[in-house]
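*Asks:* Using only what follows, build the 3D model:
(2 chains)
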Amino acid sequence: MRFGEITVVTPQDLDAEKLVRAICPEVHQASSTLYFGRRPITDNLTLHIYGVQVPSAPEAHRWDLLLPRALGVVVAYRWHERSSLEQAQRLLDFFCSGWHLPILVAADTGEVAPPVPDSFYAEGIRLSATTRFVFFQLQDPPSVRRLYTTLLDVLVDRVSDLYS
Amino acid sequence: MADMKNNNSLPEGIKLLTLHLLFNGRPLSALVDQLDDHQVVALQRFVWDTTVEFGIKAQGNAFSHQDITRRMVPSAVYQKEQGCTEPTFACKASHCIRQHRECARRKLKGQLDAMATLVQEYLKINAKS
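*Replies:* Residues are numbered from 1 along each chain as shown, chains lettered A, B, ... in the order given. Take a look at the predicted model:
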């Protein structure tokens, strides 16, 4: 059996469990801030999704246990909340400085439509070679599922860049 | 003096904040005062790249880099306004920001706000002051 691992990180005000549950039929709560879900892809391949709600400084968490085998990280936050943005900035700077992983920054617009047309962000707005930005709506499972496929696109682009 | 062109010196968190300002119809010039010289130059590069990306998405093949530059004050005009006697080729942020810091930052603020306005036009967002 082979595993692919993806870590989803959220500030305290965004439910990490919902992000995991959107693609995993079965979700376990490992601690008050850590969720774990499995998504079988084939008989021999399973995605493991870790959802981490970060209530404090990112440095306080044991990322060395979660990230070394991760395919990438989704940093999700609430678009309309200033404090959520500020925490997402801290998380993003932390992951970009210490871990060389594909990162998808995902802004939950809630029930309000994203402020820009879908065509501008559907593939992810490029922040760097390995970091993209998208909007999503937490209440809309298909838009949450697209976060995972977009992250995998970033990963494929990164691998393509390495071999081109 | 070496140019400062390292796009990687701008923290990703600042790039995220830049998108928030753009998508909320805000100008970008206020960001400049919070950044060091390397970051200011990297911010200009990031906003340029983003403007090009959105220009292509909005205009397709009709997009041209001149759509951006024609919104900016030409260097020769800017130098004349500032009473600058340096050669015109020297009037670019990556070259001049260490020698004439305030002047270069002032020019960059104008360029950033011009690009922000253009991006907001592409996105059909109402600009706010």
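
*Asks:* Looking at chain B, which residue is nearest chain A?
*Replies:* Nearest residue of chain B to chain A (CB to the nearest CB) works out as B:G13 at 3.2 Å. Where you see a C-beta, it was placed from the backbone N, CA and C, and this is true even at glycine.

*Asks:* So which residues on chain B come close to chain A?
*Replies:* With CB under 8 Å from any CB of the partner chain as the criterion, chain B comes near chain A at residues B:7-8, B:11-17, B:19-20, B:23-24, B:49-50, B:53-54, B:57-58, B:122-125.

*Asks:* Looks like the residue of chain B closest to chain A contacts A:L85 (just checking).
*Replies:* No: the criterion here is CB atoms under 8 Å, and B:G13 misses it with A:L85 at 9.2 Å.

*Asks:* What about the residue in chain A positioned nearest to chain B, how many residues nearby?
*Replies:* As assessed by CB to the nearest CB, chain B sits closest to A:Q89 within chain A, at 3.2 Å. Neighbourhood size, A:Q89 [other CB atoms under 10 Å in any protein chain shown]: 21.

*Asks:* next one: B:R71
*Replies:* Burial of B:R71, expressed as a neighbour count using other CB under 10 Å, amounts to 16.

*Asks:* For the residue of chain A closest to chain B, give me its contacts.
*Replies:* When the contact criterion is CB atoms under 8 Å, 6 or more residues apart in numbering or on different chains, the partners of A:Q89 are B:P11, B:G13, B:I14, B:L16, B:L17.

*Asks:* secondary structure class for the fourth one?
*Replies:* Local secondary structure at B:L16 is given as helix here, using DSSP: H, G, I helix; E, B strand; the rest coil.

*Asks:* show me the contacts for it.
*Replies:* B:L16 makes contact with A:L85, A:A88, A:Q89, A:L92, A:V105, A:L127, A:F133 under the criterion CB under 8 Å, 6+ apart.

*Asks:* In JSON lines, list these along with pLDDT.
*Replies:* Written out in JSON lines, the entries for the contacts of B:L16 read as follows (pLDDT from 0 to 100):
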{"residue": "A:L85", "pLDDT": "96"}
{"residue": "A:A88", "pLDDT": "95"}
{"residue": "A:Q89", "pLDDT": "95"}
{"residue": "A:L92", "pLDDT": "94"}
{"residue": "A:V105", "pLDDT": "98"}
{"residue": "A:L127", "pLDDT": "95"}
{"residue": "A:F133", "pLDDT": "97"}
